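> just coords:
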């Protein structure tokens, strides 16, 4: 079983991909290689670009959702939904797809996967999961996790997540991710054995760093600010959009009442009757058209939500930088103070206040032997400290370089995806307007025949 | 008045009023369809519709060709064609130019009434006077008094109950002006009402208040006598057509009331939708300020939503100003029609009662007393006038509602077209490839 590197202080390296005796090692390579080529694409299926000459394609899909009951950790019965993940390899030559793997996972396992990725790839903007609980719902939508519409939208969201990871040039190579797709049993144990939970930075530490870091990279400060603002504006947008949907629903549905009253009225009219009756029918059509319209709009809301959660992932990368920078600053400070102490001991001058100095004054000087010993210890510590500082500096710079590269990649992806989302939203609105024109034109014709 | 047995009204045909033969008539009443050789001057000179069933609501009366009712003042006139196209019209009235008057005691609005006519009743070919709402109210009351057998068109509501509406706001004044214009036009189109004395004075007098203070204007005999019907008589049987129209009006008013409520509810929902849209659009602007490459697309979406909001506001304003008032007008119309129908019932009941009283005297070949004959005249005139007005009303109603509902559809179509244009124009902006920031 492949273990994570033992040195927790080193920049965490992902568990390198090794087939582990999996029959189809060629598949492995294909996932990695073709993903590189797929870097410029959005989260479509991990399909080949024109520049990619690899033999095989990978298709990942979350094709089904199923309600299950089982026993939880406290041996209580619980109901949950399981999702079927199917992986297909597609032969280039004949385009046929062959099902290579198929297994069931529940939402908590996806969460586990993502948490692992967050720990092992802190310099990557890790794709977010679809929301755990339904939020920003307008009144007709259910906030119930078991509701079939919610489950369906979650299924799509989970598939989207897997495709995002699979198309990420670095994340796609991760072994744990690969096992997630291929090894049903024992996967949880495998993840836990990496010991990633232990390596996770404590939230307290991260918060502390945020307030105390002195010289963070300006770009990260700006980025953190941006991600805060982005999160705030998208939340606001989603909230208002939900209210807009509610109101629009009301407008359309009230028109349905015209259908009934026109029908009743037509019963007492002679010449006007037919026109009224058929116009009433169009009002019914109008009223019922809003259901599909708003269902389509949920897709747009989901696209926005993904980037709402992406903002959180961006912030995580910034926090990691702050943490590392703080760590570095602390180490440098520690080294500086040790050097000073050493100097003072060697020259016998006390320039800085220290408790040891005080107690020495109070309780008497130490012997030259003691002093020598202390100097020696300090010198050792200084040497070690210098080495550590050097490697920390290196890690820091590596982190900034790699993180920034991924942030650029993310930025382009975001701009592309959100533009597409806005276009599809505009198209939805256009379709809604056209339907409205159609219905009212039909109604007008009926009225003209009155 | 001739001494012969009263004849059935030619226009009612064989089905309705003649179901109730005059108990004193020797033989069944003469069919007077197609006209008599000695027409009674006080009776209706109506065109008949043959043997068509004349139950009014389903009567299938061709629109616009109702028979003109007449009272004695029309005796020497040519029959007027009630031509809606206005080809033979000789009277045109318009209401416009609202102006606010501020006096020590009160503030009020007057409207300019312009009249153009070639009728001999008008001394000048053209008149322009200023009137305020209470003058219209006075006119309507006078018409009701002097022409009780006719349907008088409704006025817009006197008091604004909704509380928050400003009596002097442009929208309110314009809505009222349109309704007042309609009111006068309906009277103008009416072959009897348009010749009414009070109407003439209303259109022409410089000082209407002085005229108001004068004594009673001339009343027609029929009017005078109908006024004195005290009621309290029980009706034996209502002629089918009037029973049917009564039922129809009940249901009609109900349905209109429902439609009014629905329309109000829609406007309310649309306004609430508008409120949300006005918050929604600007959020895209806020977002746009954070972005680089996405700034223009987001700003474009914001502007687009703003345009849609404006279009929606125009829709709700139109519906409030043009749609709701006409609905309400017809509800008021139905109400006033019901009261005229009641009066008719009373006239008929009085006649029946008097008739019965005479029959009970069991005289041998009794002479029909003059006052019973007068009652019958009264009733028959009333029926004729009312019937003609009801037919005209049906035709106008059909036209008005066709126009109203088509207008509603039109406004919605325009709204969607404006929104469509806004969203379509933004697509190229969204698809534009931008230079790297």
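That came in fine, so what should we check first? Quick caveat: nothing in here was measured; it's all calculated off a predicted structure.

> Show me the shaky parts of the stretch 201-350 of chain B.
Across the stretch 201-350 of chain B, the ranges flagged by pLDDT under 70 are B:215-234.

> Tell me the residue of it that sits nearest chain A?
residue B:273 (3.7 Å; CB to the nearest CB). (C-beta placed from N, C-alpha, C; glycine too.)

> thought that residue was touching residue A:252?
No: contact criterion CB atoms under 8 Å: residue B:273 and residue A:252 do not qualify, at 10.0 Å.

> In chain A, where's the longest helix?
Determined from DSSP state H, the single longest helix within chain A is helix A:368-448.

> The residue in the stretch 151-300 of chain A that chain B sits nearest to sits in which helix or strand?
Distances between the stretch 151-300 of chain A and chain B by CB to the nearest CB are smallest at residue A:247, namely 3.7 Å. If you go by DSSP states H and E, residue A:247 is part of helix A:218-266.

> about what we covered before: ok, the residue of the stretch 151-300 of chain A closest to chain B touching residue B:279?
No: with contact defined as CB under 8 Å, residue A:247 does not reach residue B:279; the gap is 11.2 Å.

> Please, where are all the helices along the stretch 201-350 of chain B?
B:208-213, B:221-227, B:240-288, B:295-318, B:324-360 (DSSP state H, counting those that start in this stretch).

> can I get those in CSV with mean neighbour count?
Formatted as CSV, the helices of the stretch 201-350 of chain B follow (neighbours: other CB atoms under 10 Å in any protein chain shown):
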stretch, mean neighbour count
helix B:208-213, 13
helix B:221-227, 18
helix B:240-288, 18
helix B:295-318, 19
helix B:324-360, 18
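
> Please verify my assumption that residue B:330 contacts residue B:256.
Yes: under the criterion of CB under 8 Å, residue B:330 makes contact with residue B:256 at 5.7 Å.

> Could I get the phi/psi values of the most centrally placed residue in chain A?
The structure's chain A has its C-alpha centroid closest to residue A:128; by CA atoms, centre = their mean the separation is 1.5 Å. Main-chain torsions, residue A:128, degrees, to the nearest 10: phi -90, psi 160.

> Could you do the one 3 residues further on as well?
Backbone dihedrals for residue A:131, given as degrees, to the nearest 10, come out at phi -60, psi 150.

> Excluding covalently adjacent residues, which one is nearest to it?
Spatial nearest neighbour of residue A:131, excluding adjacent residues (CB to CB, 6 or more residues apart in numbering or on different chains): residue A:305 at 6.3 Å.

> If I follow the layout properly, that neighbour ends up in contact with residue A:137?
No: applying CB under 8 Å as the test, residue A:305 and residue A:137 come out as separate, 11.5 Å apart.

> List, one by one, the residues from the stretch 101-250 of chain A near chain B.
Residues of the stretch 101-250 of chain A found near chain B (CB under 8 Å from any CB of the partner chain) are A:226, A:229-230, A:233-234, A:236-237, A:240-241, A:243-244, A:246-248, A:250.

> The same query, at a cut-off of 10 Å, please.
A:225-227, A:229-230, A:232-250 (CB under 10 Å from any CB of the partner chain).

> What of the stretch 351-450 of chain A?
So the stretch 351-450 of chain A meets chain B at A:411-412, A:414-416, A:418-450 (CB under 10 Å from any CB).

> do that again at 8 Å, thanks
Residues of the stretch 351-450 of chain A lying near chain B by CB under 8 Å from any CB: A:415, A:418-419, A:422-423, A:425-427, A:429-430, A:433-434, A:436-437, A:440-441, A:443-444, A:447-448, A:450.

> which among the residues you listed end up buried?
Among those, those scoring as buried are A:415, A:418-419, A:422-423, A:425-426, A:429-430, A:433, A:436-437, A:440, A:443-444, A:447, A:450 (criterion: 16 or more other CB atoms under 10 Å in any protein chain shown).

> what residue ranges in the stretch 51-200 of chain B score low on pLDDT?
Applying pLDDT under 70 to the stretch 51-200 of chain B flags residues B:51-87, B:159-165.

> can you give me the strands in it?
B:91-102, B:107-117, B:126-132 (DSSP state E, counting those that start in this stretch).

> Let me have these in TSV, adding mean neighbour count and distance to residue B:412 as columns.
Output for these, formatted as TSV (neighbours: other CB atoms under 10 Å in any protein chain shown; distance: least, CB to CB, whole Å):
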stretch	mean neighbour count	distance to residue B:412
strand B:91-102	15	28
strand B:107-117	17	31
strand B:126-132	16	36
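
> doesn't residue A:88 fall inside a helix?
No: under the criterion used here (DSSP: H, G, I helix; E, B strand; the rest coil), residue A:88 is strand, not part of a helix.

> Identify the bridge partners of it.
residue A:59, residue A:99 (DSSP bridges).

> tally of neighbours for residue A:152?
By the other CB atoms under 10 Å in any protein chain shown criterion, the neighbourhood of residue A:152 contains 11 residues.

> Now do the same contact list for it.
With contact taken as CB atoms under 8 Å, 6 or more residues apart in numbering or on different chains, residue A:152 is in contact with residue A:65.

> Would you mind identifying the next helix or strand past the helix or strand hosting it?
For residue A:152, the element it lies in under DSSP H and E is helix A:148-166. Once the chain leaves helix A:148-166, the next helix or strand it forms, by DSSP H and E, is helix A:175-182.

> chain center to that next one: distance?
How far helix A:175-182 lies from its chain's middle: 18 Å, per CA atoms, centre = their mean, to the nearest Å.

> likewise stretch B:240-249?
On CA atoms, centre = their mean, the centre of stretch B:240-249 falls 18 Å from the chain's centre.

> next one: stretch A:406-414
Put simply, stretch A:406-414 sits 13 Å off its chain's centre (CA atoms, centre = their mean).

> Need the mean per-residue confidence for that stretch.
Taken as a whole, stretch A:406-414 has an average pLDDT of 95.

> now stretch A:129-147
pLDDT averaged over stretch A:129-147 gives 76.

> Check the separation of the first and last residues in it.
One end of stretch A:129-147 sits 18 Å from the other (CA to CA, to the nearest Å).

> Give me the angle between the host helix or strand of residue A:339 and helix B:240-288.
Residue A:339 belongs to helix A:271-347 when assigned by DSSP H and E. Computed by axes from the mean of the first three to the mean of the last three CA atoms, to 10 degrees, the angle separating helix A:271-347 from helix B:240-288 equals 20 degrees.

> Just the mean pLDDT for helix A:271-347, thanks.
On average, helix A:271-347 scores 92.

> What helices and strands are in contact with that helix?
Contact partners of helix A:271-347 among helices and strands, from 3 or more CB pairs under 8 Å, 6 or more residues apart in numbering or on different chains; DSSP states H and E: helix A:148-166, helix A:203-212, helix A:218-266, helix A:368-448, helix B:370-431.

> Need those helices in a markdown table (columns: distance to residue B:342).
Formatted as a markdown table, the helices and strands packed on helix A:271-347 follow (distance: least, CB to CB, whole Å):
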| stretch | distance to residue B:342 |
| --- | --- |
| helix A:148-166 | 58 |
| helix A:203-212 | 82 |
| helix A:218-266 | 24 |
| helix A:368-448 | 33 |
| helix B:370-431 | 11 |
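
> Can you tell me which of those has the worst average pLDDT?
With a mean of 81, helix A:203-212 has the lowest mean pLDDT of the helices and strands packed on helix A:271-347.

> Pull out the buried positions in it.
For helix A:203-212, burial by neighbour count (16+ other CB under 10 Å) applies to A:206, A:209.

> Then stretch A:104-112?
Buried residues in stretch A:104-112, counting neighbours by 16+ other CB under 10 Å, are found at A:105-107, A:109-110, A:112.
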